[in-house]
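Visitor: any chance you could fold what I've pasted below:
(one chain, ligands or ions: 1)
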Amino acid sequence: MSLFSSRTDWPFSSNPISQQLRLFQEQGTPIIDLTCSNPTQCGFSYPVMAVLQAFQNEQNLSYQPDARGMLRAREAVCRYYAERGVQVSPQNIFLTASTSEAYSLLFRLLVDIGEEVVFPKPSYPLFEFLAGLNDIEWKTYPLAYDGAWKLDRQRFREVLRPSCKAVIIVNPNNPTGSCLDQEEVSFIESLCAVEDRAIICDEVFLDYPLDPGSSIRSLAAGSGCLTFVLGGLSKAVGLPQMKLSWIVVSGPASKVEEANRRMEMICDTYLSVNTPAQNALSFWLRESEGLRQEILGRLRKNYSVLTSLDPCGIARLRAQGGWYAVLELPPGICEEEFSLSLLKEEKVYTHPGYFFDFESEPFLVVSLLPPENAFRSGIEAIGRHVERVG
Ligand SMILES: Cc1ncc(COP(=O)(O)O)c(C=O)c1O
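Guide: Model (predicted):
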């Protein structure tokens, strides 16, 4: 019998790309990191005084725990949605320390051992770990690309077994940047309503539509089934270190009421959100508009740079929002070998598509957050490298 739980019996081996990266880091070799997803490391002009000033608050010395999160902070979340045209009630909001934690709490709320959740593929790899850590099963439903990302409805139906308790939607998705459209969401809602499943809609990238003039529709307004919308400071105000996210509950009143009652017990068990961040939330959300616009401006500029790869036979897949973009390399290239040799020879770090469970290859995923000059240099290096190895 092992001392450790089987749920933590992960294969700890590293892949050749991360081995090479570690080697460069140990040697102090400068690289262009086109995977950077940490906004605090990307040279944005944070409103330093405004962020820090919020801590100079005597109320931070008083502890008055509320399982849902402090009312004032929840009201700030309501204002955030009201500014985006959605009315939500503080009664239906729960604060958590992170979106990842929010997933865990919801899995505890909804899913028993042996039951499962479904999430999109490609998507970001954390879901598998979150499901495993909560002893639940998971399946993926594919998103297919033919000039735009689409829900594969046929396969979605096939994946949805009676044991599925919740469907996870990520709008916009990481890394495809895709959003399910209204028809696709209605299709999912109808299948969830029939068998009493919940929807968990991750909208952490809600504020980052890549197409100027477009916006991303939030599901927080509610639907015909029990719905949990996730958002948080890590992306909305570029402050992942402040550790504050939220869950907005909506749907049929009786289900919302029961979900709220149970969620309150779960959250009361942990009380994981720190007081200073809750006291600061309203101020940060208000003061961060400039930063959000700066991030959005950079995402759009960097996304547009990717079309410079067209002549090299590298296609930029269409993304609607978020912090990432997907590049399709010319056929015949092995994406892992390409990403590794790009790192070795050009000192440019990218993620191959298989990190995100793409069904085919060759794809590269790049972050749109890096400073524009570095981003452009990295993209030029990808173009050169394709010409060399292609
Ligand atoms: C789609 C998506 N949801 C959630 C998270 C995690 O957010 P948090 O930092 O709030 O845990 C990430 C992190 O990159 C993400 O890409």
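
Visitor: show me the contact partners of the biggest strand by length in the chain.
Guide: For the chain, the strand with the greatest residue count under DSSP state E is strand 137-145. Outside of strand 137-145, the residues within contact range by C-beta atoms under 8 Å, 6 or more residues apart in numbering are 114-123, 127-128, 131, 149-152, 155-156, 159-161, 163-164, 167, 173, 176, 178, 317, 357, 359. For glycine as for every other residue, the C-beta is placed from the backbone atoms N, C-alpha and C.

Visitor: among those residues, which ones lie close to the ligand?
Guide: Of the entries in the contacts of strand 137-145, none also sits close to the ligand under the rule C-beta under 6 Å from any ligand atom.

Visitor: mind giving me the PyMOL select for the residues you listed, buried ones only?
Guide: Burial among the contacts of strand 137-145 is assessed by 16 or more other C-beta atoms under 10 Å; the matching PyMOL selection reads:
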select buried, resi 115+116+117+118+119+120+121+122+123+127+131+149+151+152+156+159+160+164+167+173+176+178+317+357
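
Visitor: in strands, which of the contacts of strand 137-145 appear?
Guide: Mapping these onto strands (DSSP E) picks out 116-121, 149-151, 164, 167.

Visitor: make a markdown table out of those residues and add pLDDT.
Guide: Formatted as a markdown table, those follow (pLDDT from 0 to 100):
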| residue | pLDDT |
| --- | --- |
| Glu116 | 98 |
| Val117 | 98 |
| Val118 | 98 |
| Phe119 | 98 |
| Pro120 | 98 |
| Lys121 | 97 |
| Trp149 | 97 |
| Lys150 | 97 |
| Leu151 | 97 |
| Cys164 | 97 |
| Val167 | 98 |
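
Visitor: can you add distance to Thr275 and give those back as a markdown table?
Guide: Formatted as a markdown table, these follow (distance: C-beta to C-beta, whole Å):
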| residue | distance to Thr275 |
| --- | --- |
| Glu116 | 36 |
| Val117 | 32 |
| Val118 | 36 |
| Phe119 | 32 |
| Pro120 | 35 |
| Lys121 | 39 |
| Trp149 | 40 |
| Lys150 | 44 |
| Leu151 | 41 |
| Cys164 | 37 |
| Val167 | 34 |
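
Visitor: which of those residues sits closest to Ala374?
Guide: Ala374 lies nearest to Trp149 out of the ones in strands among the contacts of strand 137-145, by C-beta to C-beta, at 27.2 Å.

Visitor: just give the closest residue to that closest one, not the sequence neighbours.
Guide: Excluding the flanking residues, the one nearest Trp149 by C-beta to C-beta, 6 or more residues apart in numbering is Ser178, at 3.3 Å.

Visitor: repeat for Lys150
Guide: Once chain neighbours are set aside, the closest to Lys150 by C-beta to C-beta, 6+ apart is Ala144, at 5.4 Å.

Visitor: number of residues surrounding that neighbour?
Guide: Ala144 has 12 neighbours, counted by other C-beta atoms under 10 Å.

Visitor: ok, now Val48?
Guide: Each residue near Val48 was counted by other C-beta under 10 Å, and the total is 8.

Visitor: gap between it and the ligand?
Guide: 21 Å (C-beta to the nearest ligand atom, to the nearest Å).

Visitor: check which helix or strand covers the closest residue to the ligand within the stretch 201-350 of the chain.
Guide: Nearest to the ligand in the stretch 201-350 of the chain, going by C-beta to the nearest ligand atom, is Ser234, at a distance of 3.5 Å. Per DSSP states H and E, Ser234 falls inside helix 233-236.

Visitor: kindly export that helix (C-alpha atoms) in PDB.
Guide: Taking Å, rounded to 0.1, in the frame of the first residue of the first chain, the C-alpha atoms of helix 233-236 are listed here in PDB:
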ATOM      1  CA  LEU A 233      -9.400  39.300 -11.000                       C
ATOM      2  CA  SER A 234      -6.600  37.300 -12.600                       C
ATOM      3  CA  LYS A 235      -7.800  38.200 -16.100                       C
ATOM      4  CA  ALA A 236     -10.400  41.000 -15.500                       C
END
